[in-house]
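**Student:** Sharing a model that was predicted from the sequence below.
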Amino acid sequence: MKRLLVVLPIVASLLIPPAFAGKALDAIRERGVLRVGTTGDYKPFTFRNSDGTYSGADIVMAHRLANELQVKLEFVKTTWSTLLPDFTAQKYDVAMGGVSILPERAAQGDFSIPVNIDGKRPIVRCADKERLSSVAAIDRPDVRVVEPPGASNEAFARANLAHAHLRIYKDNTTIFDEIIAGRADVMVTDGTEVDHQVYLHPELCAAIVEAPFSKVSKAYLLPKDADLAKIVNDWIAREMSTGDWPRVLESALHQR
């Protein structure tokens, strides 16, 4: 009997279907609304303004995708910690906003073709741009690392910076102020975010690294629906081939 109690939950978990299995495209069209889940705290991809509206490169793309599907657009607020649970609970249809391709996410949905290929790099006070320029230099007990919860940054820090003092800071919109104020020394994040935050904050610099610490691909997390995936992938390919997506991202990189 005890053995059954151990086995049954495992078997049951294998029977849970991936999120949105079936005709997701039909459901979106019948509803007449594309619900896009986004965190609103990750410039230059997504940012929730004080009036509740959203801006950023992937916000522009969300509007374009809704036009492609000929439906209205609705943004659904999520967080990095709840992005996947909200997706599997079908609180929204598509996740957009600098979403990294991670195995646990890919197990529950389909990712579009990548829209950005990036890598982890450190952002620091400018006085430390040469000192904190490698994983080994950062992975020390006297280095204070700050990261947001529940996404690839925290995962990278826990896997590679075990000797550093790691603090998980919940507000990704003010996390860089912690470095500026001297309450943290470094954040390791995707290079696009590093470049944008350096543009916003002259007190901060990108650490001088020989190469990014990792490779990160960003894409849109979709329901498991081959028809929807084809439409989205064909649309992304067009946006890239015309240069529209690179122009959108470049513009967002230089917006405050």
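**Tutor:** Noted; the coordinates are in hand. Numbers count the residues shown, from 1 in each chain.
**Student:** now residue 98, what's its secondary structure?
**Tutor:** coil (DSSP: H, G, I helix; E, B strand; the rest coil).
**Student:** Next: residue 153.
**Tutor:** helix.
**Student:** Could you give the number of residues near the residue nearest to it when sequence neighbours are not counted?
**Tutor:** Among residues not flanking residue 153 along the chain, residue 147 sits closest, at 4.6 Å (Cβ to Cβ, 6 or more residues apart in numbering). Any C-beta I mention is one placed from the backbone N, CA and C, and that applies to glycine too. Residues near residue 147, counting by other Cβ atoms under 10 Å, number 25.
**Student:** so what pLDDT did residue 147 get?
**Tutor:** As predicted, residue 147 sits at a pLDDT of 98.
**Student:** what sits opposite it in the beta ladder?
**Tutor:** residue 168 (DSSP bridges).
**Student:** Enumerate every residue touching it.
**Tutor:** 153-154, 157, 166-169, 175, 187-189 (Cβ atoms under 8 Å, 6 or more residues apart in numbering).
**Student:** is it true that residue 164 touches residue 136?
**Tutor:** No: shown here, residue 164 and residue 136 do not form a contact pair, counting by Cβ atoms under 8 Å, at 10.7 Å.
**Student:** Look at the two and report which has more neighbours.
**Tutor:** residue 164 (21 against 9).
**Student:** so how far is residue 97 from that one?
**Tutor:** Residue 164 sits 27 Å away from residue 97, going by Cβ to Cβ, to the nearest Å.
**Student:** Residue 116 too?
**Tutor:** 11 Å.
**Student:** if you count what's nearby, which of the two comes out ahead?
**Tutor:** Just comparing residue 116 and residue 97: by other Cβ under 10 Å the higher neighbour count belongs to residue 97, 28 against 20.
**Student:** Longest helix in the chain, please.
**Tutor:** In the chain, taking DSSP state H as the definition, the longest helix is helix 226-241.
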